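Colleague: Mind folding the following:
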Amino acid sequence: MTLLTQSTTLARPSHRLVEVYDSDAYLTDSTAIAAAERNVVGGNGYHLYLFSLQSDLEVEVTVRVWDAPQPPPGEAEGVTAVSLESETGILVIGQFTFGPAAEMSLPRPGVYEGHVSWAGRVAAAEYYEDALRQIEDDWSTARIRQLWDDNPQPEQYVLDLWYVREPEENEDG
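Modeller: Residues are numbered from 1 along each chain as shown. This is a model prediction of the structure:
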């Protein structure tokens, strides 16, 4: 099993959400967001939402594309199966209200299956809650940002994907 491409970025989970989506699939899906709030990850085939337990600490998002199916990692706190269609072959890692954090090119357009695993989610939320209690009225934005950056246990999401087929034909075109 060969790793074809990998991209890692930091994203702020505004409204506790980080998105991964095809560059043409930018419309918000409230049903998928509700699923993410219940299950950590929710999607609609073109758009994945990752639900954090906090809204200010950056989270690490890694997308790995393999040439064959991969087993879920054993050290993760959780894992869920996903399917993601990319008609353009370009994935966007989005910060919900802050816009794109990064883009990555897939080996080719198509439908990818795989899984999302996560670690550090609860620890980051606990650090965040403790940090909020430390902040005083006279703290500068820079001092608060440093507190966020000092998180000793970063929240991480890993998307392991592999190509399964060509994208669906667009009926509009």
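Colleague: and the longest helix for this protein?
Modeller: helix 121-134 (DSSP state H).
Colleague: buried set for the very next helix or strand once past it?
Modeller: As assigned by DSSP states H and E, the chain's next helix or strand after helix 121-134 is helix 141-149. Buried residues in helix 141-149, counted by 16 or more other CB atoms under 10 Å: Leu147. C-beta here means a position set from N, CA and C on the backbone, and glycine is covered the same way.
Colleague: quick one: buried residues of the longest helix of the chain?
Modeller: Buried, per 16+ other CB under 10 Å, within helix 121-134: Arg121, Ala123, Ala124, Ala125, Tyr127, Tyr128, Ala131.
Colleague: now the fourth one, nearest residue through space, not along the chain?
Modeller: Going back to what we said before, that points to Ala125. Among residues not flanking Ala125 along the chain, Leu53 sits closest, at 3.5 Å (CB to CB, 6 or more residues apart in numbering).
Colleague: how close does the one you found sit to Asp130?
Modeller: To Asp130, Leu53 is 13 Å away according to CB to CB, to the nearest Å.
Colleague: next one: Ser7
Modeller: Ser7 is 31 Å from Asp130, by CB to CB.
Colleague: Also Gln95?
Modeller: The separation that Gln95 has from Asp130, given CB to CB, amounts to 23 Å.
Colleague: What of Arg145?
Modeller: Arg145 is 16 Å from Asp130, by CB to CB.
Colleague: Look at Val59 and say how many residues are nearby.
Modeller: 24 (other CB atoms under 10 Å).
Colleague: So Met104, which state does it fall into?
Modeller: Look at Met104: counting by DSSP: H, G, I helix; E, B strand; the rest coil, its state is strand.
Colleague: Give the bridge partners for it, please.
Modeller: With DSSP bridges as the criterion, Met104 is bridged to Leu91.
Colleague: from memory it sits against Leu91, does it?
Modeller: Yes. At 5.2 Å, Met104 and Leu91 qualify as touching, with contact defined as CB atoms under 8 Å.
Colleague: Can you check which residues contact both of these two?
Modeller: Common neighbours of Met104 and Leu91, using CB atoms under 8 Å, 6 or more residues apart in numbering, are Val63.
Colleague: For those two, work out which one has more neighbours and name it.
Modeller: Leu91 (26 against 17).
Colleague: wouldn't the more buried one be in contact with Pro100 here?
Modeller: No. Under the criterion of CB under 8 Å, Leu91 is not in contact with Pro100, lying 10.3 Å apart.
Colleague: Poorly predicted segments of the protein, please.
Modeller: 170-173 (pLDDT under 70).
Colleague: which stretches of it form strands?
Modeller: Assigned by DSSP state E, the strands in the chain fall at 3-11, 17-22, 41-43, 47-51, 59-66, 78-86, 90-94, 100-105, 110-119, 155-165.
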